[in-house]
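In: what's the 3D shape of this:
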Amino acid sequence: MTAAARLETAPAADPRLIVPLDLPDVDQARAMVEALGEAVSFYKVGLELFASGGMTLARDLKTQGKQVFLDWKLHDIGTTVQRSAAVLADSGCDFLTVHGEPQVMAAAVRGRGRSGLKVLAVTVLTSLSDEDLLEMGFTEGARALVERRIHHAVAAGCDGVIASPHEAQLARAIGGPDFLVVTPGVRPDWSAKNDQARAATPAQALGAGASHIVCGRPITGANDPQAAALRIVAEMAGI
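Out: Next up, the predicted model:
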């Protein structure tokens, strides 16, 4: 079946699916967006493209009617984070990540002001296990640390958090029905986990309370990225 035929018979893009453009350069990112076509409506632009035209790409995606998640993970003194968030608020993008420290989160919320930019706090990276956290000097496991940081995010006025699918239910319970719970580490049954220590399927993540899922390599690493994206959209339907 041709790509055009697939789109005619496939479900529409699901705005809860975020595809990360974690590619070596902007040209390859643009080629991936073109390959995915109307199958995807929400993209993440992260650190890999930060210094090579990532903001230009983000603005171009917005002009195409796409939603954009700036995964910059801001982490600095409050004044710097506040000023950076103020600049990014003028980009028209949709989501911005910051590290889940109280001073950093509060500064980002102040900086974005009344713009539509949603500030999301990173709780614990999905590549980290309890053993990793112990090695780093933490005395609590991933779930306990995530719980503490979710409470801090709510208190700081953040719009949501980045948390693994395994903590999505916890984030939903603490944050409430309108809280954004964005879950990386989503891997369909038919794909490899790669470096995700706390992964789950799209259905599991959404069923646990995620508002959005981030799914990268099963889509961008597929021989037919559009077909892979549409397969995930179909799995998400009705959840």
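
In: how far does the biggest strand by length in the chain sit from the chain's center?
Out: The longest strand of the chain (DSSP state E) is strand 67-74. When distances are taken as C-alpha atoms, centre = their mean, to the nearest Å, strand 67-74 is centred 8 Å away from the chain's centroid.

In: partner strands of it, parallel or antiparallel?
Out: Sheet pairing for strand 67-74, assigned by DSSP bridges, gives strand 42-46 (parallel), strand 95-99 (parallel).

In: can you tell me what sits against whatever helix or strand comes next after the first one?
Out: If I follow you right, that is strand 42-46. Once strand 42-46 ends, the next helix or strand along the chain (criterion: DSSP states H and E) is helix 54-63. Under the contact criterion C-beta atoms under 8 Å, 6 or more residues apart in numbering, helix 54-63 has outside partners 21, 26, 29-30, 33, 43, 45-46, 49, 68, 70, 91-93. All C-beta atoms are positioned from the backbone trio N, CA, C, and that covers glycine.

In: can you tell me which of these are buried?
Out: Neighbour counting with 16 or more other C-beta atoms under 10 Å marks 21, 26, 29-30, 33, 43, 45-46, 49, 68, 70, 91, 93 as buried within the contacts of helix 54-63.

In: as CSV, those with distance to Gly113 and pLDDT would be great.
Out: Supplementary listing: these in CSV, determined by distance: C-beta to C-beta, whole Å; pLDDT from 0 to 100:
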residue, distance to Gly113, pLDDT
Leu21, 27, 97
Val26, 29, 96
Ala29, 29, 97
Arg30, 31, 97
Val33, 29, 98
Tyr43, 24, 98
Val45, 22, 97
Gly46, 24, 93
Leu49, 26, 93
Val68, 18, 98
Leu70, 16, 97
Ser91, 13, 91
Cys93, 14, 96
